[in-house]
Every structure is written in structure tokens, then in C-alpha cells.
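Visitor: pasting the structure only:
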């Protein structure tokens with residue numbers, strides 16, 4: 001196993017070595033761990049996507065000794081059977097390349113999964129190139145344009161369709177038959193895993209946000225968030241609770257979304273859909289052609305949701321405009337909208353306060369919803385080792401890989417067998433996550449134009465957070481028209497060879 005670090009980190013490492021040579025002998029100093037990665041797809045749990053704080057330098061990877069063939073380990077059900085080498089012959093070395101998002105959780109879990117896989121396939125090694133979220137998608141696109149033979153690509157769920165349309169990734173039906181696919185993953189995850197009837201990318205994990213709260217703060221304020229889904233708050237009731245615990249700049253009522261940036265569609269886009277009844281244009285968010293958002297994103301009901309989000313920052317001032325890193329974990333926010341990776345981060349950061357969670361609210365006259373999906377493993381279209389890469393992807397996304405990620409990240413699994421057998425989702429606090437996912441989970445808008453749309457959405461959300469005296473309807477309509485113009489080039493998505 002090897003790790004390829006971003007170019008900016010090389011200078012840091014060289015400088016560290018020069019300094020170390022001039023100081024008394026001491027244990028070598030590891031670079032700092034990277035910041036928490038975003039959640040997605042749209043997508044869940046790893047990962048969604050998700051808002052990402054500015055990354056710190058990557059942690060120094062653990063050196064893995066060259067593995068020897070293991071003695072008859074217990075083989076997971078889905079793991080591919082290695083070919084038997086000829087008598088006296090050693091298996092040929094296989095070196096796979098993997099490009100993904102940089103985070104300490106991804107690095108830890110991927111390393112652990114590879115070690116398990118090498119017990120079955122000792123001849124396989126992987127070079128992991130993990131990049132900050134903002135650099136990942138441009139690098140994927142640049143590699144594809146240069147026909148770089150990348151074997152495995154970690155793609156955010158909503159981007160799978162775009163990558164499939166543009167020939168960045170290849171279908172894997174040859175190694176994942178339909179029965180296997182239907183049996184192993186939740187139907188929600190498969191909405192983005194499959195494109196035009198072909199299977200492209202099994203999910204790493206799932207996601208669904210709920211509302212976490214600092215119980216010490218809510219108890220002190222006399223607030224009792226509902227424990228049952230049937231008693232969920234409206235946004236009006238939630239706002240009253242946030243205002244009761246709001247004491248800026250020391251403590252804010254709510255941090256809406258992961259990280260400390262203004263946000264993107266995964267969490268900031270929820271309120272516009274909450275504002276519409278199920279099946280309405282505001283709730284759907286996109287037309288039946290999977291391209292048009294005019295009349296959906298800027299529907300009057302959706303604008304009510306956009307306006308509510310804007311007023312959290314500018315009118316009610318229950319959310320911090322400047323963004324506070326780890327706001328909920330450091331007790332700078334009383335409520336927090338996030339998937340259940342919040343529990344893993346809580347433990348990793350050593351937080352000590354009592355906490356609980358409750359379902360996301362609904363807007364009056366609207367509905368409840370959580371955005372689902374997260375990271376997916378995809379096969380690079382230019383890979384020269386497609387069979388070997390697909391076999392490792394099968395292991396990564398199977399029960400062994402999924403359990404390793406759950407144990408590390410603590411986020412809703414997408415693997416059906418694991419999700420159905422984990423006791424964690426049968427009792428609080430994860431019971432709320434599971435119920436919200438099953439009853440109200442929806443992927444972000446599914447479109448080949450998601451990359452263009454989400455870029456505009458991030459700009460829009462930044463304006464909602466920091467802007468004053470805004471005409472929110474005009475902003476929403478302008479975005480919708482710009483998005484439709486940018487995605488018009490994909491009108492052939494259902495027929496393009």
C-alpha cells in the first residue's frame with residue numbers, strides 16, 4: 001500500500017525534515033490529521049457529501065509491510081475467489097490506483113479494508129491518492145481528459161450520473177449481476193448507483209440528517225425536543241427552541257449543516273423542499289426531464305424555504321454568519337443538523353456534554369425530508385485493470401468494508417445486510433436516524449447536470465447567509481435560469497451512446 005500526497009504537502013514535509021536534522025534526537029513528528037470530510041448524496045452517511053471545513057495537512061500514513069499469503073482466513077460471502085497460482089509460482093503483483101477524498105476517517109478505513117483484502121489477495125496493493133474535497137472533482141475530470149488509467153474513483157452520489165454520461169467511469173455489470181445488486185444495497189442508494197439501466201457505482205455508506213441537540217443546554221432552558229417521529233416539530237416550533245438557547249456570540253441556537261462553510265445542496269437545500277407538500281414542484285426540486293429546475297427551485301413554496309434559511313442568519317440571528325469550526329461539538333451551538341456521523345466526531349473530539357436527537361422539522365403546510373446518499377466506488381473508464389479493480393470494489397462495498405467504515409465513521413450503512421443486523425438502529429439515538437431515512441429519505445435532485453447545479457447552489461447559499469436586503473425570489477429565479485442554461489447541453493442524456 002502506498003499513499004500519494006498532494007503537491008502542497010511535499011514542501012511541508014521537506015521543511016520538517018530539515019528542522020528535525022538540526023534538533024536533538026526525538027521521535028519523528030507526524031503531520032496533523034486532516035479535517036472532517038464532507039457527506040453527500042447524496043448524497044449519507046461517508047459520506048456524504050457534505051460541507052467540508054478547510055483541510056489540514058494529511059496524517060502520515062502507516063507503513064504496511066509486504067504481506068505474505070495468509071493461512072485459510074474466513075472469507076466474506078461476496079469476496080471474489082483468487083485464482084490458484086501454478087505449483088511453486090508466486091501470484092503476479094497487482095497495483096491499483098485509487099483517487100478519493102482526504103480525511104482521517106477515509107484514510108484509516110481504507111487502510112484497514114486493504115489489510116483485510118490482502119489476507120485473501122496478498123498480491124494486490126493499492127496506491128491511495130486522497131485530495132481535499134475542493135480539489136477532488138477537478139482532478140477526476142483532469143485525469144479523465146488526459147486518459148490517466150485511474151482504477152478506482154470515489155464519487156459523490158449525485159455526481160455518478162454526470163461521470164457516467166461523460167465517460168469518466170465504466171459500468172460494472174460484468175462483475176455485479178442484478179440479483180447481487182438488488183440484494184446488497186438499499187433502494188435509495190441504487191437511484192444514483194445505476195444509470196440508464198447499467199450498474200456503475202456501489203455505495204460506500206448512506207446518510208440522512210436529523211437534528212442533534214446539547215441536552216445540557218436544552219434542559220437548562222426547559223426545552224424538551226420530541227422523541228417520537230409523529231410528534232416532530234414544525235420549523236416554527238424549532239425556531240422558538242433555537243431562540244431560547246441563543247446567546248451570541250458565545251452560543252448560537254442552531255448550526256444548520258456540517259462543517260463551517262455556508263453550505264451546499266445536501267443540507268442547505270432541505271428547507272426549500274420541506275416547504276412543499278410531497279409530490280409538489282417545490283418538494284420534487286426538478287422536472288421529469290431530470291434537467292429543468294425553473295418552476296421547481298424558484299416555486300413560491302420553495303422560496304419560503306430559502307427565505308427561512310436566510311432569516312436564520314440575518315433576521316433571527318440564531319446561526320453564525322462567520323461559521324464556527326466544530327460549533328456543536330465545542331458547545332458553540334445548541335442544535336445541529338447532521339447525519340449520524342456526528343456521533344463519531346463527538347467521540348473523536350472528546351466532547352463530554354449530554355446529547356440527544358430528534359427528527360428534522362417540517363415547514364407549515366409542507367413536509368418532512370432528509371437528503372440521502374453519500375460516496376460511491378466507481379471503476380475508472382481508462383483503467384487497464386478493470387477486473388482486478390472491480391473485485392476490490394466488491395470487497396470495499398461488501399459487508400466487511402461496510403462494517404469497517406461504520407465502526408470508524410459511525411454513519412448509516414447502505415449495505416442492506418449490515419443495516420438490518422446492526423442493533424444500533426433499533427434504539428436511541430440512531431433509531432431516529434433509521435426512521436427518518438426509511439420514512440422521509442430522498443436523494444438530492446438526480447441529474448447529469450448536478451455538478452453545474454451544485455456550483456450555482458453553493459454561490460446561492462453563500463448569498464443567503466451573508467446577504468442583506470435580498471430579493472430571495474429574484475435570486476432563486478436567476479439561479480434556476482442559469483442552471484437550465486448550463487444543463488441544456490445534456491438534453492441527449494437518455495439517448496447518447
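Guide: Done, it's in. What you see is a predicted model, and the numbers here were worked out from it, not measured in a lab.
Visitor: Tell me the helices and strands packed up against the strand or helix carrying residue 125.
Guide: Using DSSP states H and E, residue 125 sits in strand 124-131. Applying 3 or more Cβ pairs under 8 Å, 6 or more residues apart in numbering; DSSP states H and E, we find strand 124-131 packed against strand 2-4, strand 94-101, helix 104-120, helix 386-397. The way it works is simple: take the backbone N, C-alpha and C, and place the C-beta from them, glycine included.
Visitor: if we go to 10 Å?
Guide: On a contact count with 3 or more Cβ pairs under 10 Å, 6 or more residues apart in numbering; DSSP states H and E, strand 124-131 meets strand 2-4, strand 94-101, helix 104-120, helix 133-145, strand 152-156, helix 386-397.
Visitor: got a list of what residue 176 touches?
Guide: 78, 184, 193, 199-202, 390, 393-394, 397 (Cβ atoms under 10 Å, 6 or more residues apart in numbering).
Visitor: repeat that with 6 Å
Guide: residue 199 (Cβ atoms under 6 Å, 6 or more residues apart in numbering).
Visitor: separation between it and residue 434?
Guide: Residue 176 sits 26 Å away from residue 434, taking Cβ to Cβ, to the nearest Å as the criterion.
Visitor: By mean pLDDT, flag the weakest helix or strand of the protein.
Guide: Every helix and strand in the chain was compared by mean pLDDT, DSSP states H and E; the lowest is helix 7-21, with a mean of 37.
Visitor: same for the helix or strand hosting residue 457, what does it pack against?
Guide: Under the criterion of DSSP H and E, residue 457 resides in helix 450-466. Contacts defined by 3 or more Cβ pairs under 6 Å, 6 or more residues apart in numbering; DSSP states H and E place helix 450-466 against helix 265-268, helix 300-314, helix 472-487.
Visitor: And the first one, what does it pack against?
Guide: By that I understand helix 265-268. Helix 265-268 packs on helix 450-466, going by 3+ Cβ pairs under 6 Å, 6+ apart.
Visitor: So which bits of the helix it packs on are buried?
Guide: Across helix 450-466, burial judged by 16 or more other Cβ atoms under 10 Å covers 450-454, 456-458, 460-461, 464-465.
Visitor: and what of stretch 181-193?
Guide: Those buried within stretch 181-193 under the rule 16+ other Cβ under 10 Å are 181, 184-186, 188-193.
Visitor: What is the end-to-end distance of that stretch?
Guide: With Cα to Cα, to the nearest Å as the measure, stretch 181-193 spans 10 Å from end to end.
Visitor: any chance of the helices and strands packed on strand 124-131 in CSV, plus distance to residue 414 and mean pLDDT?
Guide: Shown next, in CSV, are the helices and strands packed on strand 124-131 (distance: least, Cβ to Cβ, whole Å; pLDDT from 0 to 100):
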stretch, distance to residue 414, mean pLDDT
strand 2-4, 26, 59
strand 94-101, 16, 98
helix 104-120, 14, 97
helix 133-145, 20, 94
strand 152-156, 14, 97
helix 386-397, 8, 98
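Visitor: what's the most buried one of those?
Guide: strand 152-156 (a mean of 28; mean count of other Cβ atoms under 10 Å).
Visitor: roughly how far out does that one sit from the chain middle?
Guide: A distance of 11 Å separates the centroid of the chain from that of strand 152-156, by Cα atoms, centre = their mean, to the nearest Å.
Visitor: ok, now stretch 143-163?
Guide: 16 Å.
Visitor: just to revisit the earlier point, just the angle for the helix holding residue 457 relative to strand 152-156, thanks.
Guide: Angle, helix 450-466 to strand 152-156, by axes from the mean of the first three to the mean of the last three Cα atoms, to 10 degrees: 40 degrees.
Visitor: Now helix 450-466: average pLDDT?
Guide: Averaged across helix 450-466, the pLDDT comes to 96.
Visitor: Residues contacting that helix from elsewhere in the structure, which ones?
Guide: By Cβ under 6 Å, 6+ apart, helix 450-466 touches 158, 162, 262-265, 268, 309-310, 313, 321, 479, 482-483, 486-487.
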